[in-house]
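**Student:** Just to be clear, the model below is a prediction. Sequence and coordinates:
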Amino acid sequence: MSKHKPASTIPALIRTATVTGTGGFLYLAADGCPTLRIPVASADAASALLSRYRDRFGIGASDLKKGCGDIRADDGTLVARVSYNGRVWTPGGILLQEPAGQA
């Protein structure tokens, strides 16, 4: 069982909820892999995409480049981060959600 609990004092990202008000993107970059900027609308989608990218290219945590996993609004504002394990965090480091199927 996970020691991490989603923050209850801030609005949680609902799996199907919009991550950004007007649209946004997930930044993916790792050593020896293509750098991608993928439109996303939910935390679940961002988590799944990072996990797929990690698994597809056999990436280890130390291979991730700075900013990989950042979810940004179209204006560049950091909205959330997806960590190597698929967890979604606020920019301040508060857990928002576990990867789908692990909550």
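**Tutor:** Done, it's in. Treat the numbers as computed from the prediction; the structure is a model and nothing was measured. Residues are numbered from 1 along each chain as shown.
**Student:** chain center to the helix or strand bottoming out on mean pLDDT in the chain, what's the gap?
**Tutor:** Counting by mean pLDDT, DSSP states H and E, the weakest-scoring helix or strand in the chain turns out to be strand 95-97, with a mean of 91. Offset of strand 95-97 from its chain centre (C-alpha atoms, centre = their mean, to the nearest Å): 10 Å.
**Student:** Starting from that strand, tell me which strands it pairs with and how they run.
**Tutor:** With DSSP bridges as the test, strand 95-97 is paired with strand 88-89 (antiparallel).
**Student:** which residues touch the residue nearest the centre of the chain?
**Tutor:** Centroid-nearest residue in the chain: Val82, 2.5 Å away (criterion: C-alpha atoms, centre = their mean). Neighbouring residues of Val82 by C-beta atoms under 8 Å, 6 or more residues apart in numbering: Leu26, Ala43, Ala46, Ser47, Leu50, Gly69, Ile71, Val88, Trp89. To be clear about C-beta, it is placed using only N, CA and C from the backbone, and glycine gets the same treatment.
**Student:** If we use 10 Å, what do you get?
**Tutor:** 26-28, 40, 43, 46-51, 54, 68-71, 88-89, 96-97, 99 (C-beta atoms under 10 Å, 6 or more residues apart in numbering).
**Student:** Ser51 too?
**Tutor:** Ser51 touches Val82, Tyr84, Asn85, Gly86, Pro99, Ala100, counting by C-beta under 10 Å, 6+ apart.
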